[in-house]
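Student: Predicted model follows, preceded by the sequence.
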2 protein chains.
Amino acid sequence: MTGMISKALQIGVITLTFALAACAPPLGNRNAAMSGPFTIAQQGSFFVGGHDIHSDMLSTVPKYAASGTVTVDQMYVHYQIPVRANPISLTLIHGCCLTGMTWETTPDGRMGWDEYFVRRGYSTYIIDQSGRGRSATDISVINSVKAGKTPPSQLPAVFAASHESAWTIFRFGPEYPKTFPGEQFPIEAQAALWQQMVPDWSASLPTPNPSVPALSQLAIKLRSTVLISHSQAGIYPFQAATIDTQGIAGIVAIEPAECPSASGDLVPYTKMPILVLFGDNVDQSTRWAPRLKACRAFVAAANDAGGKAQLVLLPDEGIHGNTHMMMQDRNNLDVADWILRWIDTHVRVAS
Amino acid sequence: MTGMISKALQIGVITLTFALAACAPPLGNRNAAMSGPFTIAQQGSFFVGGHDIHSDMLSTVPKYAASGTVTVDQMYVHYQIPVRANPISLTLIHGCCLTGMTWETTPDGRMGWDEYFVRRGYSTYIIDQSGRGRSATDISVINSVKAGKTPPSQLPAVFAASHESAWTIFRFGPEYPKTFPGEQFPIEAQAALWQQMVPDWSASLPTPNPSVPALSQLAIKLRSTVLISHSQAGIYPFQAATIDTQGIAGIVAIEPAECPSASGDLVPYTKMPILVLFGDNVDQSTRWAPRLKACRAFVAAANDAGGKAQLVLLPDEGIHGNTHMMMQDRNNLDVADWILRWIDTHVRVAS
């Protein structure tokens, strides 16, 4: 019996030693973080939010009943918790026409931010926005139109970003298929990015997007999380903060399509450190240049109101060539390291 | 330098020791498999299949271009590889109105089969069927109908299974909201199952479902995998085997909605061990009883043709009360253990 306990303790010490080696290397020590196996204390998934609706238009297929109750607007969350996790967790919120896959393996097969952050000792929570990916869409209107009960004009506004339009939106180059000199996206693997893209139902969802109250609930549950958003979802952490700042230890908005208005109520945004992060070649994009300008105005106004907000262009930090898809760019782990250093410097456990 | 190598070797030995302890316990030793952290050699995601289409109906929203190229019919795959993985991997294929979430955390928060199989030393590959979850849907017809260019009758046949209909299909009871005596689904957590459900586009996809050739490609890539399918996807591994038996080390069809015809070409099904597995109360379901009967006929015919097929009802093995959602039932790990024992006994590395 004593032998068993001794052995258990021994395995415990080995586990801990290994965990320390694999899960929480000092900042800057990327090789230690990336090499070899890594240890997970817990992983799993759950949903936040959603509500039940009744419909008579759930199906036009005979083997499934047309009438009944379904749950819609919930948000899928997949999480991984390393051993000896940092008390500050990271919630990753993908952008337009994409899913949580954004943060997984890159198109050219390298490690994504989800795994890298876990290897660096952070718990990660990866969401699929309401109405996309593993989070259900409400399709009853489609069936109602198919059955002739609703006019076609009321079909949901769903869109798919084409390769050609995504090319310029993601700033791979000034126009398809030209590239910016020195750009960092693995263009040769573009087909694997196109496979990741899914139709986007956000224009047919309520305002704010149901992901926003779900993110607020998630932050409260997690107690101390940095909401890291991208692109179309860039505004979500700010909108969540206007519902409740509880649990939001910080906001990192990566190339947000929209920042909060500089002339609105800025009080919620003074409660946590905020980073608005842009890549390279922003001024060469008619889509992104005005958004950068508006975000600058917001950051200045938030700081005037007593906030701790910062807007950073990666080239000003010596990191060049990043596209809108910086989490998949060739130097994606340099960008991840930069963000982790910012979090380490600015974010404290939420009180 | 010698010291560094020595240290690296030492960490290597510790890693290996820990990996052996955490990742590949002997069959039947569930506590060792479930308790504490576990070690991952590799994890990530990728897509298989898909093809490009051009459409002028990608968007009715002004900020996204209507015209361009999108990729459709690809299949999302998420994988985890434990240290010292069994050379036979497991590919998990969800059923109707669900996604790969099927195999993750159960509605009442227990460990799902994906994690359990990894803890038992198997690499797992979890897919989202083409056109569902993280695998893109083609929505161009919806926009074409919305724009008045296509008649509403041509809208895709997409359906959502209601709570009430899923209740009887999943055999929680004879009818909503009655339960079968002793049934094993965590009914108190049913809301978390309803959150998992998504609309099903399979009726609007080509035949065979694009997931089928994608599964065939995946099996060839994996060299030796057991295709474990559920319900509506029950037939997919068999259909994949008719394309190419290469890489398919075995088939486990869990309550398939359809088995191959007993009077068709059975040769592909003689090339690997096959398990068709059903839960409890099947004969009390007008939906499932005839499917069970047809699967019995298929299994008998496959064996007559020289195959190694088996049909098992869990109650005959002393495991009672299982519903159609046996991977989420209270005794889900008993069922997982039974399947792993079957695989250990019957499946050999594909030659």
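Tutor: Received, thanks.
Student: And the strands in chain A, which stretches?
Tutor: Ranges of strands in chain A, per DSSP state E, are A:38-48, A:51-55, A:68-72, A:75-82, A:89-93, A:124-128, A:225-230, A:248-254, A:274-278, A:309-313.
Student: For B:Q196, find the nearest of these.
Tutor: Closest to B:Q196 of these is strand A:38-48 (CB to CB; 7.1 Å). (C-beta placed from N, C-alpha, C; glycine too.)
Student: Let me see the contact set for A:L292.
Tutor: A:278, A:282-283, A:311, A:313 (CB atoms under 8 Å, 6 or more residues apart in numbering or on different chains).
Student: So among these, which ones count as buried?
Tutor: A:278, A:282, A:311, A:313 (16 or more other CB atoms under 10 Å in any protein chain shown).
Student: quick one: the helices in the stretch 101-250 of chain A?
Tutor: A:113-119, A:140-146, A:163-169, A:190-196, A:211-222, A:236-243 (DSSP state H, counting those that start in this stretch).
Student: Tabulate those helices (a markdown table), appending mean neighbour count, mean pLDDT and distance to B:M325.
Tutor: Output for the helices of the stretch 101-250 of chain A, formatted as a markdown table (neighbours: other CB atoms under 10 Å in any protein chain shown; pLDDT from 0 to 100; distance: least, CB to CB, whole Å):
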| stretch | mean neighbour count | mean pLDDT | distance to B:M325 |
| --- | --- | --- | --- |
| helix A:113-119 | 25 | 97 | 28 |
| helix A:140-146 | 23 | 97 | 24 |
| helix A:163-169 | 22 | 97 | 37 |
| helix A:190-196 | 21 | 98 | 29 |
| helix A:211-222 | 24 | 98 | 24 |
| helix A:236-243 | 24 | 98 | 32 |
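Student: want to throw those into TSV with distance to A:H54?
Tutor: Formatted as TSV, the helices of the stretch 101-250 of chain A follow (distance: least, CB to CB, whole Å):
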stretch	distance to A:H54
helix A:113-119	37
helix A:140-146	10
helix A:163-169	37
helix A:190-196	34
helix A:211-222	22
helix A:236-243	27
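Student: And the pLDDT for the residue of the stretch 201-350 of chain A found nearest chain B?
Tutor: Nearest residue of the stretch 201-350 of chain A to chain B, counting by CB to the nearest CB: A:A203, 5.1 Å away. A:A203 is assigned 91 on the pLDDT scale.
Student: With A:L27 instead?
Tutor: 47.
Student: what's near enough to touch the residue of the stretch 201-350 of chain A closest to chain B?
Tutor: Going by CB under 8 Å, 6+ apart, A:A203 touches A:156-159, B:61.
Student: Same check on A:F170?
Tutor: Going by CB under 8 Å, 6+ apart, the list of residues near A:F170 reads A:185, A:323-325.
Student: make it 7 Å
Tutor: Taking CB atoms under 7 Å, 6 or more residues apart in numbering or on different chains, we find A:F170 in contact with A:323-325.
Student: between the strands of chain A, which gets nearest to B:S263?
Tutor: Closest to B:S263 of these, according to CB to CB: strand A:68-72, at 36.4 Å.
Student: and that closest one, which strands flank it?
Tutor: Sheet pairing of strand A:68-72 (DSSP bridges) gives strand A:51-55 (antiparallel).
Student: Centre of the chain to the strand it pairs with, how far?
Tutor: Averaging C-alpha positions (CA atoms, centre = their mean, to the nearest Å) puts strand A:51-55 28 Å from its chain's average.
Student: Only alpha carbons, please: show it as PDB.
Tutor: Listed next in PDB are the C-alpha coordinates belonging to strand A:51-55 (Å, rounded to 0.1, in the frame of the first residue of the first chain):
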ATOM      1  CA  HIS A  51     -33.500  29.600 -26.800                       C
ATOM      2  CA  ASP A  52     -36.300  27.300 -27.900                       C
ATOM      3  CA  ILE A  53     -38.600  28.200 -30.800                       C
ATOM      4  CA  HIS A  54     -41.600  26.400 -32.100                       C
ATOM      5  CA  SER A  55     -42.000  26.000 -35.900                       C
END
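Student: Quickly check the contacts of A:L292 for the two that are furthest apart.
Tutor: Spanning the widest gap among the contacts of A:L292 are A:D283 and A:L311, at 13.8 Å by CB to CB.
Student: pLDDT below threshold where in chain A?
Tutor: Residue ranges of chain A with pLDDT under 70: A:1-29, A:32-33, A:351.
Student: tell me the centre residue of it?
Tutor: A:I93 (1.9 Å; CA atoms, centre = their mean).
Student: tell me the contacts of the residue of the stretch 1-150 of chain A found nearest chain B?
Tutor: In the stretch 1-150 of chain A, the residue that lies nearest chain B is A:G68 (2.3 Å; CB to the nearest CB). Applying CB under 7 Å, 6+ apart, we find A:G68 in contact with A:58, B:162-165.
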